[in-house]
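Engineer: predicted model, plus sequence, below.
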Amino acid sequence: MSKSLVIVESPAKAKTIEKYLGKGYEVLASVGHIMDLPKNDIGVELKKRTFEPTLIVSPGKEKVVGQLKKAAAKADEIFLAPDPDREGEAIAYHLALQLGTSAKEQKKIRRVTFNEITKKAVQDAFQHAREVDQNLVAAQQTRRVLDRLVGYQISPLLWDKVRRGLSAGRVQTVAVRLIVEREREIAAFQPVEYWTLDALLHPEKKAESQFKARFLGVNGEPARVPNGKDKDGKDQFLSNALPDKKSMDEVVAALESAKWSLTSLQSTEKQRRPLAPFITSQLQRDAAGKLGFNVRRTMGVAQRLYEGIDLGPEGTTGLITYMRTDSPRVSPEAKESAREWIGKSLGPQYLPATPNEYRGKKDAQDAHEAIRPTDASRTPESIAKYLSDEQLKLYRLIWQRFVASQMMPAVFDVTTAKIAAVSSKTGKTYDFRASGSVLRFEGFLKVYEMTEDKAADDEDESKNKLPNLDGVNALALDKLEPEDHFTSPPPRYNEASLVKILEERGIGRPSTYASIINTIQDREYVTKISGRFYPTEIGVVVCDLLVKNFPYIFDVKYTARLEEELDDIEEGKERWTDLLNAFYDHFEEELEVAEKEMEDIKRMEIKTDEKCELCGSPLLLKWGKFGTFFACSAYNKKDPTSCTFTKENTAAKPDLNTPEAQEASEQEEYCENCGKVMVLRRGPFGMFLACPDYNADPPCKTFRKLSQKQQQKQTAPQPTGEDCPVCGKALVLRQGAYGEFVSCSGYPKCKYVKQNIIEGMKCPKCGTGDIAERKAKRGNVFWGCTNYPKCDFTSNYKPVSQKCPECGSAYLLEKTLKDGIYLECPNKKRVAEEEAPKKKGKKTEPEPQPTVVCTYSKRIGDPPPPPTAETHGPVPEQTGKKTGKRELQPA
């Protein structure tokens, strides 16, 4: 029987697909990307302008690739089934490079894609296997090369001019630019005062039938207040408003003796049509507004719903279609499924005569369907017991939106009353209007509730129900309600509105919105307070430097145009090298100028009008590790008696001491792959965040390093309850570069550090010092004498205060080996140790060889379980050619 190998990205997806394919298929996961550009080199050919990338197996993925190659060698057919987008096509291409090293192996490889993980969709995909789409690969490769060119050639400039460790992202910088520009709009905003007037009226002789009408103007002339200019320079006005209290008092005084009458009454039918099924950006916005989910959480939960949930007797089943799409297109079968459920469950009155059709925006890729349930008859209530709370909430939102999209419009009866108030004092006619609506047929609103953005002073006719005014002419005034207002500055972006503006400006694509928002926060260029984005001081500085020195590359319109060109590459309309050549012409020119002219923020000294609080000298504004600060101009490095006064420049930083900011700093972090709340774990390299489903079936092996603020919070010294034996102050637990340690809280005056000493054992070399546990720079543990450097005794194994029963050595060594834990004599040498080649390094004195060769060895226990990423956390980044770094790819 022939054997077929299927490769997907994630273990969860593999588990679902394997059930549908049955015997004869082995399904394995690549766990994300297996190849990438090298970490310590730009990895792109620039001398000849071919822009060919140098791809290597991603560090840490060698074992996965080896397993896949081994399985591929035994298979008769190989099907590559990563996600159906550019990213997935690139993964498939890299898999083909690794597995198809010969012509014979290449013939075995085919590409399969499916928009939903259901039995029918998966089996149908295997009937229509194809070659890897090189246009899709080229589009993804071009994006990767663009980002590498920008990141690797601009970031060193930022290290030199601002601070080491900063990075420049091509698209992320534009997103930060939008946030910085919005902050400056808010700072420059000048509020405009305006007054509105409502009249509480009722028909004569019907005092109980009260309603509210809004003032519109005088003698047919609309009342309006100037409100600056729009982005095109055209004048803007506030409608139905007066400019100041004086104007309002004049109108109110005139209306006190006015005669009120109903001049016209018009009733119309208004339909509200259902919205199209979700695309990625709309799902992210609705989940934020209705569920309070951030983008990372939304996409993580959606990923798990797409890959499959165990539904008990039904088995693991994909519940929604692929969640990265900008097309509202829906398959005919899905429409019929929705219509069938609507007709049976709600009634034929909710069903349109023909299926509703929706069109996407002009430049939508239209590669995938809209986000919808894989089976409309699978209601949220029917599968609620199998879903977590967050999965149920998001599935219900997607299901309701899709089913509603195939229903009848909601119908309202809208009534508009025009009212005239003729003043006996002025002889003028003051115009008012009252509007109200009544829901006559709920239509799609029976399933899905729409939310609309409204200005604070907009009339909401759906909430205003008018009394029956048929045959009414004369009206009576109950009360006038003048109200003073001031215009508000544009709101700061939250995640939903940032996604919306990115989509409107054409920045990024559905698959990149979440990573853009995550990256600008992880790099601490922006911070989120009460759900709104504030640029940090370092974010403003970096953004201004990049926009000033690279005006073309970081232009919003140019970034959007590059996205369109990437779409053209995907469709085969443009060569990827043509795009890169055009880009690099501009980039190289701006880079050359920036290297010479970019402002040196790191060495900045700006004179200020502020005075030193100690000596009265002028203060200078300087740049430090944590941003700008004030320093005394009288300070002199060479003079230890000079003034050293400094203070923080709080005006340039968001106030992080407010209750809102403190609450924001304590917000939960969500896994980007499954949406669950990340948990804090401790590894040998410090604290880190990990997905709680690391050991689940299927596992979710997502990790995240702590941000600088999170690290500071977690590494704050913790009292131990002990006192320092040197000075008597409290001992505290601290986090150091090599892990935890206990030291005196009086540091730096008292430098006492508590050591982990082996009780009852003195140094076998000097006889006076104790033996203490120590940690080397690489993180490995060893034991040494506390009299160091006077005594240089060290041991890679833990000394034990027991005599050797064979040779009489004063101590034994506890060794943890692959086959168990042993007590061995220090005079014993294993064969492997004797034959191992010596490492090259500095020339040192040859170690004295033991005069006695002992064979004593005793097994005292089983070996501990091997370290895992869950227990030890992500390996810290190192620099140099041989980093030993593992890259944790998303599942």
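Structural biologist: Happy to help now that I have it.
Engineer: nearest residue to the spatially most central residue of the chain in space, please, no chain neighbours.
Structural biologist: The structure's the chain has its C-alpha centroid closest to residue 518; by Cα atoms, centre = their mean the separation is 2.5 Å. What sits nearest to residue 518 in space, not counting adjacent residues and going by Cβ to Cβ, 6 or more residues apart in numbering, is residue 296, at 5.7 Å. For the C-beta atoms, the positions are set from N, CA and C on the backbone; glycine is no exception.
Engineer: also residue 718?
Structural biologist: residue 733 (4.5 Å).
Engineer: coming back round to it: model confidence score at the residue nearest to residue 518, please.
Structural biologist: Note for residue 296: predicted pLDDT of 86.
Engineer: for it, helix, strand, or coil?
Structural biologist: helix (DSSP: H, G, I helix; E, B strand; the rest coil).
Engineer: same check, this time on residue 32
Structural biologist: Residue 32 ends up coil, using three-state DSSP.
Engineer: doesn't residue 91 make contact with it?
Structural biologist: Yes: if you go by Cβ atoms under 8 Å, residue 32 and residue 91 touch, sitting 7.5 Å apart.
Engineer: who has more neighbours out of those two?
Structural biologist: residue 91 (26 against 20; other Cβ atoms under 10 Å).
Engineer: now the more buried one: phi and psi?
Structural biologist: When read as degrees, to the nearest 10, the backbone of residue 91 gives phi -60, psi -40.
Engineer: before we move on, what about residue 226?
Structural biologist: Backbone geometry at residue 226, expressed as degrees, to the nearest 10, gives phi -60, psi 140.
Engineer: repeat for the one 3 residues further on
Structural biologist: When read as degrees, to the nearest 10, the backbone of residue 229 gives phi -130, psi 150.
Engineer: tell me the bridge partners for it.
Structural biologist: residue 235 (DSSP bridges).
Engineer: gap between it and residue 324?
Structural biologist: Here residue 229 is placed at a distance of 39 Å from residue 324 (Cβ to Cβ, to the nearest Å).
Engineer: buried ones in stretch 16-26?
Structural biologist: 16, 17, 18, 20, 21, 25 (16 or more other Cβ atoms under 10 Å).
Engineer: tell me the one of those residues nearest residue 123?
Structural biologist: Distances from residue 123 to these, taken as Cβ to Cβ, are shortest for residue 20 (6.5 Å).
Engineer: sec struct for that closest one, please.
Structural biologist: Using three-state DSSP, the structure places residue 20 in helix.
Engineer: my guess is it contacts residue 123. True?
Structural biologist: Yes: counting by Cβ under 8 Å, residue 123 is a contact partner of residue 20 at 6.5 Å.
Engineer: between residue 229 and residue 324, which is the more surrounded one?
Structural biologist: Neighbours per residue (other Cβ under 10 Å) separate residue 229 from residue 324, with residue 324 holding more: 26 against 10.
Engineer: wait, a helix at that one?
Structural biologist: No: using three-state DSSP, the assignment for residue 324 is coil, not a helix.
Engineer: pretty sure it contacts residue 85?
Structural biologist: Yes: if you go by Cβ under 8 Å, residue 324 and residue 85 touch, sitting 5.7 Å apart.
Engineer: overlap in contacts, the two.
Structural biologist: Counting by Cβ atoms under 8 Å, 6 or more residues apart in numbering, the contacts common to residue 324 and residue 85 are 368, 511.
Engineer: tell me the secondary structure at the residue nearest to residue 858 when sequence neighbours are not counted.
Structural biologist: Nearest residue to residue 858, sequence neighbours excluded (Cβ to Cβ, 6+ apart): residue 823, at 4.8 Å. The local conformation at residue 823, judged by three-state DSSP, is strand.
Engineer: contacting residues around residue 823?
Structural biologist: Contacts for residue 823 were tallied using Cβ under 8 Å, 6+ apart; they are 800, 802, 812, 813, 814, 815, 857, 858, 860.
Engineer: could you rerun that using 10 Å?
Structural biologist: 797, 800, 802, 804, 812-815, 856-861 (Cβ atoms under 10 Å, 6 or more residues apart in numbering).
Engineer: give the buried residues for the host helix or strand of residue 141.
Structural biologist: In this structure, residue 141 sits in helix 134-161 according to DSSP states H and E. Burial within helix 134-161, assessed by neighbour count using 16+ other Cβ under 10 Å, is assigned to 135-155, 157-158, 161.
Engineer: now for it, which elements pack on it?
Structural biologist: Helices and strands touching helix 134-161, by 3 or more Cβ pairs under 10 Å, 6 or more residues apart in numbering; DSSP states H and E, are helix 86-99, helix 170-188, helix 537-549, helix 556-570, helix 576-597.
Engineer: what average pLDDT does the third one get?
Structural biologist: Put plainly, it is helix 537-549. Across helix 537-549, pLDDT averages out at 94.
Engineer: also the first one?
Structural biologist: On average, the pLDDT along helix 86-99 is 94.
Engineer: one step back: any idea how far the residue nearest to residue 718 lies from residue 745?
Structural biologist: The gap separating residue 733 from residue 745 is 10 Å, by Cβ to Cβ.
Engineer: show me where the stretch 651-800 of the chain has helices.
Structural biologist: With DSSP state H, counting those that start in this stretch as the criterion, the stretch 651-800 of the chain has helices at 659-665, 708-714.
Engineer: least reliable of those helices by average pLDDT, please.
Structural biologist: Mean pLDDT per stretch puts helix 659-665 lowest among those, at a mean of 47.
Engineer: show me the shaky parts of the stretch 551-700 of the chain.
Structural biologist: Where the stretch 551-700 of the chain drops to pLDDT under 70, the residues are 652-668, 672-675, 682-687, 694-700.
Engineer: what sits in contact with each of residue 733 and residue 745?
Structural biologist: Listed as contacting both residue 733 and residue 745 by Cβ under 10 Å, 6+ apart are 717, 719, 720.
Engineer: hmm, residue 729 and the first one touching each other?
Structural biologist: Yep, that's residue 717 we're talking about. No: taking Cβ atoms under 10 Å as the definition, residue 717 is not a contact partner of residue 729, at 11.7 Å.
Engineer: common neighbours of the two, please.
Structural biologist: What both residue 717 and residue 729 touch, as defined by Cβ under 10 Å, 6+ apart, is the set 745, 747.
Engineer: burial check on the nearest residue to residue 828 once chain neighbours are set aside, number of neighbours?
Structural biologist: Distances taken as Cβ to Cβ, 6+ apart place residue 854 nearest to residue 828, at 5.0 Å, with adjacent residues excluded. Residue 854 has 18 neighbours, counted by other Cβ under 10 Å.
Engineer: likewise for residue 163?
Structural biologist: Neighbourhood size, residue 163 [other Cβ under 10 Å]: 18.
Engineer: surely it is in a helix?
Structural biologist: No: applying three-state DSSP, one finds residue 163 to be coil, outside a helix.
Engineer: was I right about it contacting residue 627?
Structural biologist: Yes: using Cβ under 10 Å, residue 163 is in contact with residue 627, at 9.2 Å.
Engineer: list the residues that contact both of these two?
Structural biologist: Common contact partners of residue 163 and residue 627 (Cβ under 10 Å, 6+ apart): 538, 541.
Engineer: all strands of the stretch 1-150 of the chain, in order?
Structural biologist: In the stretch 1-150 of the chain, the strands defined using DSSP state E, counting those that start in this stretch lie at 4-8, 25-29, 35-36, 56-57, 77-80, 109-111.
Engineer: on that earlier part again, so of the shared contacts of residue 733 and residue 745, which ones are in strands?
Structural biologist: Within the shared contacts of residue 733 and residue 745, residues falling in strands by DSSP state E are 719, 720.
Engineer: just name the lowest-scoring one in the shared contacts of residue 733 and residue 745, pLDDT-wise.
Structural biologist: The minimum pLDDT among the shared contacts of residue 733 and residue 745 falls on residue 717, with 77.
Engineer: residues near that residue, how many?
Structural biologist: By the criterion of other Cβ under 10 Å, residue 717 has 15 neighbours.
Engineer: residues in contact with it?
Structural biologist: 730, 731, 732, 733, 734, 735, 742, 743, 745, 747.
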